[in-house]
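Chemist: everything below, folded, please.
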Amino acid sequence: MSTETDKEEENLRRILEEQSSRVEAYCNEQTRLQNALIDSRGGQSHAMHQLILQHCTLDLSDSIEKVQENLQTLSSVELSDRNKRNALETHVARSKRVLQTIHESGGKFYPSGIPVSKDDVAAKTVALATLRASIAQVEKAIAL
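Modeler: Residues are numbered from 1 along each chain as shown. The predicted structure follows:
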């Protein structure tokens, strides 16, 4: 039979796994919207392009909501072990910085529709790698 601590840790592992996939989906939806904005219609009718943009915007909004919900859940996890709790608090703070980086790399465009920076994908890649490394650190801490 599992102890209460085992249940806390298993719940945390599930939330961390969910966080990684949700943040990745957020990055993908953000990029998808950027691409749709850059590809102004690409031979499609105005109505079809508007529909694509609407779907991209709704999908991005849904991803943002899921990421925020996950971060709130993660922030509310209570661990009895001080070292594990400290590792989680550090991860939550790092997660907030990662999300801010992703948000800021959401794409800025010149009035012509050309992206201001091509470094958006690189910034998102580094942010995701940072998040995954942080998750690994928390998982290592709770395994001790």
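
Chemist: in this structure, which spans are helices?
Modeler: Secondary structure of the chain (DSSP state H): helices at 4-38, 46-75, 82-104, 120-143.

Chemist: adding mean neighbour count, write the ones you listed out as JSON lines.
Modeler: Backbone N, C-alpha and C define where each C-beta goes, glycine included. Listed next are the helices of the chain as JSON lines, based on neighbours: other CB atoms under 10 Å:
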{"stretch": "helix 4-38", "mean neighbour count": "17"}
{"stretch": "helix 46-75", "mean neighbour count": "15"}
{"stretch": "helix 82-104", "mean neighbour count": "16"}
{"stretch": "helix 120-143", "mean neighbour count": "16"}
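
Chemist: and residue 13, how far from residue 49?
Modeler: Note on residue 13: its distance to residue 49, by CB to CB, to the nearest Å, is 42 Å.

Chemist: hang on, the earlier thing: let's have the helices of the chain in a markdown table, adding mean pLDDT.
Modeler: Compiled in a markdown table, the helices of the chain are given as follows (pLDDT from 0 to 100):
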| stretch | mean pLDDT |
| --- | --- |
| helix 4-38 | 89 |
| helix 46-75 | 93 |
| helix 82-104 | 94 |
| helix 120-143 | 91 |
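
Chemist: quick one: contacts for residue 132?
Modeler: residue 20 (CB atoms under 8 Å, 6 or more residues apart in numbering).

Chemist: now do it against residue 69, distance only.
Modeler: Counting by CB to CB - residue 132 and residue 69 are separated by 20 Å.

Chemist: cool, and residue 21?
Modeler: Computed as CB to CB, the residue 21 to residue 69 distance reads 13 Å.

Chemist: find the centremost residue of the protein, please.
Modeler: Nearest residue to the geometric centre of the chain (CA atoms, centre = their mean): residue 23, 2.0 Å.

Chemist: ok, residues contacting stretch 79-87?
Modeler: The contact list for stretch 79-87 (CB under 8 Å, 6+ apart) reads 4, 5, 8, 9, 12, 78, 88, 137, 138, 141, 142, 144.
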